[in-house]
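Participant: no sequence on hand, only this structure:
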């Protein structure tokens, strides 16, 4: 499967998630089998490009190609400028966000709110495609609400404007992340278009990924929330798609080593204390299936230094690996 000149292999994409798919997480997921990892959405308003948050979101130094950067906004000319700016700073694929359901985004008529104005969608897509000489992709939902599932119309508009590929989350904006993703609309869009179509929503296992690819005919799947605390899901899915067999789950030692490497990358990227603070949510996701999760988080969340956070985490997983009772009394 290709996006413009770029071969995406395996056809597994880390979905863009604000506050999650930062550079350390993208690099980790790529190492663990993702064929493509899309950045957090970057705002199109140039007034915010020089903030610390935006500068980090637009930092792609050392990332393996292709580098896909998602932009968000409402003004065609401004989005075109944002696309050019990000290409100048390393983006090799530009992704337009018309799928985010967050209120603060939709209240500004960005994200999935754009799907309510098909004429504006056409102007935005055309402006961005014409502004850059790299592939432009688009992320949408099935519609605004149950009564307005206009994704097939938006998809046709996007293809006619020159979009290189389309990602569809199988929910309306109204659903947020509730209910069950429906794939019929994605299948209909794939059947109607000539460009690659990617399926998104509730893909949380190798078998589910294979089923969605089969049922929708999609060219690739996006994995989002299921990768939180489980970035190795990409190699699990890739192995299953290639062999029809499921990999055994990673050992506790393997999880520990992946997590410690992730924490170190977060500390290096953000520095202290921000890296320590951002790492806390990842620690919770990695440990969420363990019965000691609540006690572990209560202790490790009090760590104020990178050294302390790494030590507590290493001790926790070392104890699990050794099969001894995990006690937090001393650490508390």
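Facilitator: Great, that's in hand. This one's a predicted model, so the numbers in the text were calculated from it and none came from an experiment. Numbers count the residues shown, from 1 in each chain.
Participant: show me the strands in the chain, by range?
Facilitator: In the chain, the strands defined using DSSP state E lie at 2-3, 6-7, 12-14, 36-43, 68-72, 93-98, 136-143, 165-172, 197-200, 220-223.
Participant: adding mean pLDDT and mean neighbour count, write those strands out as a markdown table.
Facilitator: Where you see a C-beta, it was placed from the backbone N, CA and C, and this is true even at glycine. Shown next, in a markdown table, are these (pLDDT from 0 to 100; neighbours: other C-beta atoms under 10 Å):
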| stretch | mean pLDDT | mean neighbour count |
| --- | --- | --- |
| strand 2-3 | 96 | 20 |
| strand 6-7 | 97 | 15 |
| strand 12-14 | 98 | 28 |
| strand 36-43 | 90 | 25 |
| strand 68-72 | 94 | 26 |
| strand 93-98 | 94 | 27 |
| strand 136-143 | 91 | 27 |
| strand 165-172 | 88 | 26 |
| strand 197-200 | 96 | 26 |
| strand 220-223 | 98 | 24 |
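Participant: same list (those) but as a markdown table, adding distance to residue 26.
Facilitator: Shown next, in a markdown table, are the strands of the chain (distance: least, C-beta to C-beta, whole Å):
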| stretch | distance to residue 26 |
| --- | --- |
| strand 2-3 | 16 |
| strand 6-7 | 15 |
| strand 12-14 | 6 |
| strand 36-43 | 4 |
| strand 68-72 | 9 |
| strand 93-98 | 13 |
| strand 136-143 | 16 |
| strand 165-172 | 16 |
| strand 197-200 | 17 |
| strand 220-223 | 13 |
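Participant: for residue 273, which of those strands is the nearest?
Facilitator: strand 36-43 (20.6 Å; C-beta to C-beta).
Participant: so that closest one versus strand 165-172, what angle?
Facilitator: With axes from the mean of the first three to the mean of the last three C-alpha atoms, to 10 degrees defining the directions, strand 36-43 sits at 70 degrees from strand 165-172.
Participant: in its sheet, which strands sit next to strand 36-43, and in what direction?
Facilitator: Using DSSP bridges, the strands paired with strand 36-43 are strand 12-14 (parallel), strand 68-72 (parallel).
Participant: among those, which is nearest residue 321?
Facilitator: Nearest of the strands paired with strand 36-43 (C-beta to C-beta): strand 12-14, 27.5 Å.
Participant: ok, residue 154 - contacts?
Facilitator: 98, 115, 118, 121, 140 (C-beta atoms under 8 Å, 6 or more residues apart in numbering).
Participant: could you measure from residue 15 over to residue 298?
Facilitator: Using C-beta to C-beta, to the nearest Å, we find residue 15 at a distance of 30 Å from residue 298.
Participant: okay, those two: which has more neighbours?
Facilitator: Taking other C-beta atoms under 10 Å, residue 15 and residue 298 do not tie; residue 15 has more neighbours (26 against 12).
Participant: tell me the confidence at the more buried one?
Facilitator: On the pLDDT scale, residue 15 is placed at 96.
Participant: and the one 3 residues further on, by the same measure?
Facilitator: Predicted confidence (pLDDT) for residue 18: 88.
Participant: does it touch residue 41 like I think?
Facilitator: Yes: if you go by C-beta atoms under 8 Å, residue 18 and residue 41 touch, sitting 6.0 Å apart.
Participant: okay, the strands paired with strand 36-43 in CSV with distance to residue 255 next?
Facilitator: Below are those laid out as CSV (distance: least, C-beta to C-beta, whole Å):
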stretch, distance to residue 255
strand 12-14, 18
strand 68-72, 27
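Participant: which among the ones you listed is found nearest to residue 268?
Facilitator: Judging the strands paired with strand 36-43 by C-beta to C-beta, what sits closest to residue 268 is strand 12-14, at 20.1 Å.
Participant: chain center to that closest one, what's the gap?
Facilitator: Its chain's C-alpha centre and that of strand 12-14 lie 8 Å apart, by C-alpha atoms, centre = their mean, to the nearest Å.
Participant: which outside residues touch it?
Facilitator: Outside of strand 12-14, the residues within contact range by C-beta under 8 Å, 6+ apart are 21, 25-26, 29-30, 33-38, 167, 198, 209, 220-224, 227, 234, 237-238.
Participant: from residue 227, how far out is residue 298?
Facilitator: Taking C-beta to C-beta, one finds residue 298 at 25 Å from residue 227.
Participant: what about residue 128, neighbour count?
Facilitator: By other C-beta under 10 Å, the residues close to residue 128 number 27.
Participant: so what's it up against?
Facilitator: Residue 128 touches 71, 76, 79-80, 83, 94, 96, 136, counting by C-beta under 8 Å, 6+ apart.
Participant: at 7 Å what do you get?
Facilitator: Going by C-beta atoms under 7 Å, 6 or more residues apart in numbering, residue 128 touches 79-80, 83, 94, 96, 136.
Participant: turn those residues into TSV, including distance to residue 278.
Facilitator: Shown next, in TSV, are the contacts of residue 128 (distance: C-beta to C-beta, whole Å):
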residue	distance to residue 278
79	28
80	31
83	27
94	26
96	26
136	30
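Participant: tell me where the protein has helices.
Facilitator: 23-31, 52-57, 76-88, 103-106, 118-131, 151-161, 184-192, 206-216, 233-243, 252-270, 274-287, 293-300, 306-322 (DSSP state H).
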